[in-house]
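**Student:** this is the structure alone, sequence omitted:
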Ligand code: CDP
Ligand code: MG
């Protein structure tokens with residue numbers, strides 16, 4: 001089992017797409033074990049996007065990600081980090097494969113609706129930035145036995 005951080009970015013909230021995108025993760029059989037709406041501060045943006053802070057386009061990204069509320073979620077499941085990245089699609093909505101979230105809903109490189117951790121190290125780092133351990137609500141869904149075989 002893996003846990004990954006998903007953010008519904010300000011464009012997702014403003015465009016009223018939260019429900020449809022959350023539904024995709026639920027439909028896939030992933031477990032949402034924590035969720036909250038927050039306003040990303042400049043400080044939080046710099047921490048979360050530490051690898052990008054020096055890039056020429058960072059100021060524009062910071063302006064975007066702090067411009068409205070976001071929804072932060074912890075998504076859990078087998079191979080959840082890769083599975084969620086695959087569901088999200090390529091960074092630029094213009095290149096993202098149809099069927100992915102960015103491919104179906106986006107036409108922008110910046111306003112691409114969703115953030116998802118890109119590997120085990122970034123997942124651990126990002127989960128700790130957005131959630132305290134006591135905010136997580138792990139549970140076994142009652143339909144568990146219909147999601148996959150016992151030995152999977
Ligand atoms: O989110 P992802 O891992 O696919 O892309 P990234 O390369 O790690 O970039 C992080 C975020 O910065 C993207 O999701 C875009 O919202 C934004 N970005 C941007 O504003 N301008 C760029 N030239 C590249 C990325
Ligand atoms: Mg990234």
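**Tutor:** Nice, thanks for sending it over. If you're wondering where the values come from, they're calculated on a predicted model, not measured in any experiment. Ligands and ions are numbered 1, 2, ... in the order given.
**Student:** pull up the residues of the chain that are close to ligand 1.
**Tutor:** Counting by C-beta under 6 Å from any ligand atom, the chain comes close to ligand 1 at 52, 57, 60-61, 91, 109-110, 112, 115, 118. The C-beta positions use only the backbone N, C-alpha and C, and glycine is treated the same way.
**Student:** give me the buried entries from those.
**Tutor:** The neighbour-count test (16 or more other C-beta atoms under 10 Å) marks 110, 112, 115, 118 as buried among those.
**Student:** out of the residues you listed, which are inside strands?
**Tutor:** Mapping those onto strands (DSSP state E) picks out residue 115.
**Student:** in TSV, list the residues of the chain next to ligand 1 along with distance to residue 9 and pLDDT.
**Tutor:** Listed next are the residues of the chain next to ligand 1 as TSV, based on distance: C-beta to C-beta, whole Å; pLDDT from 0 to 100:
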residue	distance to residue 9	pLDDT
52	14	98
57	15	98
60	13	98
61	10	98
91	12	98
109	12	98
110	9	98
112	7	98
115	6	98
118	15	98
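**Student:** looking at those residues, which is nearest residue 85?
**Tutor:** Set against residue 85, the nearest of those by C-beta to C-beta is residue 118 (6.2 Å).
**Student:** was I right about residue 47 contacting residue 129?
**Tutor:** Yes: with contacts defined as C-beta atoms under 8 Å, residue 47 counts as touching residue 129 at a distance of 5.6 Å.
**Student:** quick revisit: now for the residues of the chain next to ligand 1, which pair is the farthest apart?
**Tutor:** 60 and 118 (20.4 Å).
**Student:** and residue 37, which of the three is it?
**Tutor:** Look at residue 37: counting by DSSP: H, G, I helix; E, B strand; the rest coil, its state is strand.
**Student:** list the contacts for it?
**Tutor:** Taking C-beta atoms under 8 Å, 6 or more residues apart in numbering as the criterion, residue 37 is in contact with 13, 69-72.
**Student:** which of these fall in strands?
**Tutor:** Per DSSP E, these map to strands at 69-72.
**Student:** same list (those residues) but as JSON lines, adding neighbour count and pLDDT.
**Tutor:** Output for those, formatted as JSON lines (neighbours: other C-beta atoms under 10 Å; pLDDT from 0 to 100):
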{"residue": "69", "neighbour count": "15", "pLDDT": "98"}
{"residue": "70", "neighbour count": "23", "pLDDT": "98"}
{"residue": "71", "neighbour count": "19", "pLDDT": "99"}
{"residue": "72", "neighbour count": "22", "pLDDT": "98"}
